[in-house]
Structure formats: C-alpha cells, structure tokens
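# here is my input; please provide its structure:
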Amino acid sequence: MRRTSAVIGLLTILSLVSKVSGVGSLDLTYKNHGLSFGNAPTVHGLRINVVDRHVKEVNGVNLTFWIPIGKNSNPLFCMNGMAVGLVAPVMHRLYGVGFGGLGVGADEITGLAVGGLGVGADVMTGIGIGGLGIGGDNLTGLLVGGLGVGADVMTGVGVGGLGVGGDKLTGLFIGGLGTGGDKLTGFFISGLANGGDDLTGLFISGLGARGDRISGVSMGGLMIRADELRGVHIAPWVHARRESRGLSVGLFNYSKRLHGLQIGVINWAGNQHGLLKLLPVVNYHR
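Presented below is the predicted three-dimensional model:
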C-alpha cells in the first residue's frame, strides 16, 4: 500500500508539473532565486521540469524528465551546476556536472558528464563517461566509452572498449581493438592494431602498427609497417617501404633504404651493395 501510494503521489506531481511546464512555471522564488516547477527560463536554485524548452540560464540544480524534441530546443541554455536528466539533459553550455539516464548533450561541456549510453559535445573539457561511447569535435580530458571514443581533435586520456579514433589524438589512448587517426602523438595501446598517417610516440599493439610514418618506439605481435620508420621498432616482421632510420628488431626486417641497424633472422637493406642487401643476424648502413 505504501508503494502504491508513493507511485500515485509521484504520478500526480509529474502530471501537475507537466501541465505547469506547458504554460509556464510554478515558482517559489525571489528574483528568480529559490525553487521552481516548470519551464522557467531563468532560475538560481532548484529547477524541476518535464521538458526543457528555450531555457536561458540555471545556476544550481536542474532536473528534467524528458528530452526536448526538435533541433535547437535550448540554443541559449547556460547551465552552471548540476544537470540531471531522466533521459538526457540537453543544453548549449554546461559548466559543472551532467548526468543522463541515456545521455548528455551540449555544444560545450566543462566539468563532468556521465551518460548511460553516451555523451556528445562539440567542445568538451573535463571528464566524460559514456556507457556506449563519447563523441565530439574537440575533446580534452579523461574520456571513457564502453564501446568507443571519437573526435576530430582529442587531447588527454581516452579509453574505448573497442577503439579510439580521431583526426588528431594527443596523449594516452587505449583501445580494446585499436586506435586510429590522421595524426597520433603520445602513448597508444591496442588489443589489435594502432594505425594512422603520422604516428609519433610509444605504440604497443597485439598485432602491430601501420602508418605513413612511425616515429618513436613501436612494438607489435605480428608486424610494424610504414613508408618511413624512425626510432626503435620491434615485431616479427618490421617493414619500411621507403626508409628506416634507427633500430629494427624482428624475425624479418625489410627496408628499401636503411640508415641504422637491423637485428633479426633475415635482414634486407635495399641501399646496400650486392650480397650485403640480404644478411642474417645483423645488417647495418649509415
């Protein structure tokens, strides 16, 4: 009986708030400071509403039950404090903490955002945690996605259950299957492979790393392959399609032009002379 009464009471309150939110708000405030039920545009305190539409500013706590329908429902909404959505809070800017049963969405997020399924933002600085993933244009901080994390530009620490990808990644990134992007700089760990156009840093992968240019240290369970290799590269098969500068360690090392040292069972240096191109154990060329 107590549970039934509680449910009936909650439904009654939600019904009242829903009606209020459609026409305005029921405010227990002084100069917008205090407690507000409904779609008040500006509140400094606690604001409770079913669906947020055309909100301007909330400083404090905003609790919403449903996701706004349509694009640009809250183009000016600046949230300072804590935004909680039963489904997903949606706003223009969030400074503080955002929690969403399904997700959190904003043009800009600074702080902590946690979404049951995901977190999406054009620009984000802070900590983002998404049950499935996190996506955006420019992400900075600690980013964790159950399946993956992706952005045009990402700086900091990114962890994806399946993978992490973007145009430019700088920092520490861990992908269950792989990491990839146009330009990777930092420390990258993947279950299968790391790949991109320009890779600089430390790369550890279950199978290997591949790119146009790999500089630094790379280690793979099967192959390291690139047009240009610079630094130290360790794998059963190390393949520099154009040039290798540094140290290559593998069962088979191949470089069209070698400027450094190869250590392995078979070593090929295309810029050596005659029989020196193919040597066992060690091959060296300045």
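
# only C-alpha atoms for contact and neighbour calcs from this point on.
Noted.

# can you give me the neighbour number for residue 86?
16 (other CA atoms under 10 Å).

# swap in residue 285?
For residue 285, the neighbour count with other CA under 10 Å is 15.

# so what's it up against?
Applying CA atoms under 8 Å, 6 or more residues apart in numbering, we find residue 285 in contact with 258-261, 269, 272.

# mind listing the residues bridging to it?
Residue 285 has the following beta-bridge partners by DSSP bridges: residue 260.

# ranges for the strands of the stretch 1-150 of the chain?
Per DSSP state E, counting those that start in this stretch, the stretch 1-150 of the chain carries strands over the ranges 25-30, 33-38, 42-51, 57-66, 78-85, 90-100, 103-115, 118-130, 133-145, 148-160.

# in CSV: these, plus mean neighbour count, mean pLDDT and distance to residue 216.
Formatted as CSV, those follow (neighbours: other CA atoms under 10 Å; pLDDT from 0 to 100; distance: least, CA to CA, whole Å):
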stretch, mean neighbour count, mean pLDDT, distance to residue 216
strand 25-30, 15, 87, 60
strand 33-38, 20, 95, 56
strand 42-51, 22, 96, 51
strand 57-66, 21, 96, 47
strand 78-85, 22, 97, 42
strand 90-100, 25, 96, 38
strand 103-115, 24, 96, 33
strand 118-130, 24, 97, 28
strand 133-145, 24, 97, 24
strand 148-160, 25, 97, 19
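
# in JSON lines: these, plus distance to residue 209.
Formatted as JSON lines, the strands of the stretch 1-150 of the chain follow (distance: least, CA to CA, whole Å):
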{"stretch": "strand 25-30", "distance to residue 209": "58"}
{"stretch": "strand 33-38", "distance to residue 209": "54"}
{"stretch": "strand 42-51", "distance to residue 209": "47"}
{"stretch": "strand 57-66", "distance to residue 209": "44"}
{"stretch": "strand 78-85", "distance to residue 209": "41"}
{"stretch": "strand 90-100", "distance to residue 209": "37"}
{"stretch": "strand 103-115", "distance to residue 209": "32"}
{"stretch": "strand 118-130", "distance to residue 209": "27"}
{"stretch": "strand 133-145", "distance to residue 209": "22"}
{"stretch": "strand 148-160", "distance to residue 209": "18"}
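
# for this protein, longest strand please?
When the chain is parsed with DSSP state E, its longest strand is strand 237-255.

# what lies in contact with it?
For strand 237-255, using CA under 8 Å, 6+ apart, the contacting residues are 222-236, 256-270.

# before we move on, the earlier item: to residue 182, which of the strands of the stretch 1-150 of the chain lies closest?
strand 148-160 (9.6 Å; CA to CA).

# export only the CA atoms of that closest one, formatted as CSV.
Extracted C-alpha coordinates of strand 148-160, given in CSV (Å, rounded to 0.1, in the frame of the first residue of the first chain):
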residue,chain,number,x,y,z
GLY,A,148,34.5,3.8,-28.3
VAL,A,149,35.6,7.4,-28.1
GLY,A,150,35.8,9.6,-31.2
ALA,A,151,36.5,13.2,-32.0
ASP,A,152,38.2,15.4,-34.6
VAL,A,153,40.7,16.6,-32.0
MET,A,154,41.3,14.8,-28.7
THR,A,155,43.8,15.6,-26.0
GLY,A,156,44.3,13.8,-22.7
VAL,A,157,43.4,10.2,-21.9
GLY,A,158,41.0,8.2,-24.0
VAL,A,159,39.8,4.7,-23.3
GLY,A,160,37.4,2.8,-25.6
